[in-house]
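Engineer: return a 3D structure for these sequence lines:
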Amino acid sequence: MSLPLFDSFLSTAAMDQAFSDGHLVQAMLDFEAALSRAQAAEGLIPSTALPAIVAACRAEHYDLQALAASSRTAGSLAIPLVQTLKARVAQADPQAAAYVHWGSTSQDVIDTGMVLVTRAALGLLDATLAATTTAVLALAHQHLHTPVLARTLMQPAQVTALGLKFAQWAAPLCRSRHRLREAAARGLALQLGGAVGTLSMMDGHGAAVTQRMADELHLHAPIAPWHTQRDEWVRLGLEVAVLTGGLGKIATDLALMAQAEVGELAEPSAPGRGGSTAMAHKRNPVSCMTALAAAARTPHRAAALLATMPQAHERGLGNWQAELAEWPGLFTSAHGAVQALCDALGGLQVHPARMRQNIEALRGSVFTEPGFDAQAAAAPAAAMAERLLAALQADLAALPGAPW
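Structural biologist: As a prediction, the model looks like this:
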């Protein structure tokens, strides 16, 4: 998948590559190879057909642009891919070509292909999310007792601890790591149902073929296909959307605290970073910009996934196709946001003296009592931060194994 220019700079090259045309087609061909091996093991197709089928399941053998062009007329990417695969197998072994894609259907290969590339995408997302979480937790410990203004309804309120603010930023990230793994354990499932979801051509061996394929591809083996039962899959996508919303919250706070008039935090400084074509003095928070752009776009993608769920009977008409088109955008936006914030938090500039100045500037309005001490005022927040940080560390230590 090659992103348009204004999408690409809000994403990452790694996530763009994860959902690239070549990776998706290879994942679909991995399905076809696994299907043939499982069916041969169950005696449904001759084992002599395997060498030609497996050898042809290499994406570099195929013209991806031609496949894309043909899919528009065919109504499915799988149709021209399977036709081309059969033709290639027939060149090596004419008899083996009859067993390509045997007993399967287009949605089986496309859904499983999308599951496989999504699994790789989740691995990228989690790795960057882990680094981002580590960075913000380190900031929380470092600034556990640093006084800073709390602001409610966008106005100065009372004194809190910067460590608590950072710990609160980290909490949704930790929860998202848990929820993504839990949702992925169910959502990363093999799709195999055949024409109408009954595996009728597999002569009672459907469950065994499903299990063999799931084992080979390291996917969950569902009891039944999920052609139009998209709940677990959509839940996985919605967890990515919730994560992106949490990243937007961090970006909002950071951008507000980085305003020149506030000056409490700043993104890392580097040549060419955050400049302006018209105002040389400006230092724009580009990481916040990326995360906020992702947070602004994600609700529409999440809503689109939900809108595609009422699929008719045993195969959706238009709903499923819309879901496929929306799905990668969730991950490209989310990874762009988390990578941007990881870069910002890893080199975040913190200005405690300016935080003190902002507190002192309100003496006589918000803080009228004599002998006011900002450090003492921040103590309850610091104590709460310590409790929250201990809980977050325990949660991270209890992370379930990653299904990617």
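Engineer: so for whichever helix or strand Glu232 is part of, mean pLDDT?
Structural biologist: Counting by DSSP states H and E, the element that carries Glu232 is helix 231-257. For helix 231-257, mean pLDDT rounds to 98.
Engineer: how far out from the middle of the chain is that helix?
Structural biologist: When C-alpha coordinates are averaged (C-alpha atoms, centre = their mean, to the nearest Å), helix 231-257 and its chain have centres 10 Å apart.
Engineer: repeat for stretch 382-399
Structural biologist: Offset of stretch 382-399 from its chain centre (C-alpha atoms, centre = their mean): 24 Å.
Engineer: what does it rub up against?
Structural biologist: 133, 137, 140-141, 144-145, 161, 163-164, 166-168, 170-171, 174-175, 177-178, 181 (C-beta atoms under 8 Å, 6 or more residues apart in numbering). Using the backbone N, CA and C atoms, a C-beta is placed for each residue, glycine as well.
Engineer: which among those count as buried?
Structural biologist: Buried members of the contacts of stretch 382-399, counted by 16 or more other C-beta atoms under 10 Å: 133, 137, 140, 144-145, 161, 163-164, 166-168, 170-171, 174-175, 177, 181.
Engineer: just the ones of these in strands?
Structural biologist: Judged by DSSP state E, strands contain the following of the buried ones among the contacts of stretch 382-399: Ala161.
Engineer: so which bits of stretch 219-235 are buried?
Structural biologist: Those would be Leu219, His220, Pro222, Pro225, Trp226, His227, Thr228, Arg230, Glu232, Trp233, Val234, Arg235, for stretch 219-235 by 16+ other C-beta under 10 Å.
Engineer: hang on, I meant stretch 195-203
Structural biologist: Ala195, Gly197, Leu199, Met202.
Engineer: out of those, which one sits closest to Ala340?
Structural biologist: Gly197 (41.6 Å; C-beta to C-beta).
Engineer: could you pull up the mean pLDDT of the helix or strand that Ala383 is a member of?
Structural biologist: Secondary structure from DSSP H and E places Ala383 in helix 374-397. Across helix 374-397, the average pLDDT comes to 97.
Engineer: same question, stretch 204-215
Structural biologist: 98.
Engineer: circling back: could I get the buried residues of stretch 219-235 as TSV with distance to Thr244?
Structural biologist: Listed next are the buried residues of stretch 219-235 as TSV, based on distance: C-beta to C-beta, whole Å:
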residue	distance to Thr244
Leu219	25
His220	24
Pro222	27
Pro225	29
Trp226	24
His227	28
Thr228	27
Arg230	20
Glu232	20
Trp233	18
Val234	15
Arg235	15
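Engineer: out of the residues you listed, which two sit at the greatest distance?
Structural biologist: The span of these, defined through C-beta to C-beta, is set by Leu219 and Thr228 at 19.1 Å.
Engineer: output stretch 21-33 as PDB, restricted to C-alpha atoms.
Structural biologist: The C-alpha trace of stretch 21-33 is given here as PDB (Å, rounded to 0.1, in the frame of the first residue of the first chain):
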ATOM      1  CA  ASP A  21       0.400  -4.700  -1.600                       C
ATOM      2  CA  GLY A  22       3.300  -7.100  -1.600                       C
ATOM      3  CA  HIS A  23       2.900  -8.100   2.000                       C
ATOM      4  CA  LEU A  24      -0.900  -8.600   1.700                       C
ATOM      5  CA  VAL A  25      -0.500 -10.700  -1.500                       C
ATOM      6  CA  GLN A  26       2.200 -12.800   0.200                       C
ATOM      7  CA  ALA A  27      -0.100 -13.300   3.200                       C
ATOM      8  CA  MET A  28      -2.900 -14.500   0.900                       C
ATOM      9  CA  LEU A  29      -0.500 -16.900  -0.800                       C
ATOM     10  CA  ASP A  30       0.700 -18.200   2.600                       C
ATOM     11  CA  PHE A  31      -3.000 -19.100   3.200                       C
ATOM     12  CA  GLU A  32      -3.100 -21.000  -0.100                       C
ATOM     13  CA  ALA A  33       0.100 -22.900   0.700                       C
END
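Engineer: list of residues touching it?
Structural biologist: Contact with stretch 21-33 is made by 1-2, 17, 53-54, 57-60, 62, 64, 67-68, 77-78, 81-82, 85, 100-101, 108-110, 112-114, 116-117, 120, 213, 217, as judged by C-beta under 8 Å, 6+ apart.
Engineer: list the buried ones in it?
Structural biologist: Residues Asp21, His23, Leu24, Val25, Gln26, Ala27, Met28, Leu29, Asp30, Phe31, Glu32, Ala33 are the ones in stretch 21-33 that count as buried (16+ other C-beta under 10 Å).
Engineer: CSV please, covering those and showing pLDDT, distance to Pro400 and secondary structure.
Structural biologist: Listed next are these as CSV, based on pLDDT from 0 to 100; distance: C-beta to C-beta, whole Å; DSSP: H, G, I helix; E, B strand; the rest coil:
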residue, pLDDT, distance to Pro400, secondary structure
Asp21, 95, 32, helix
His23, 97, 26, helix
Leu24, 97, 27, helix
Val25, 98, 31, helix
Gln26, 98, 28, helix
Ala27, 98, 24, helix
Met28, 98, 29, helix
Leu29, 98, 30, helix
Asp30, 98, 25, helix
Phe31, 98, 26, helix
Glu32, 98, 31, helix
Ala33, 98, 30, helix
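Engineer: thanks a lot, catch you later.
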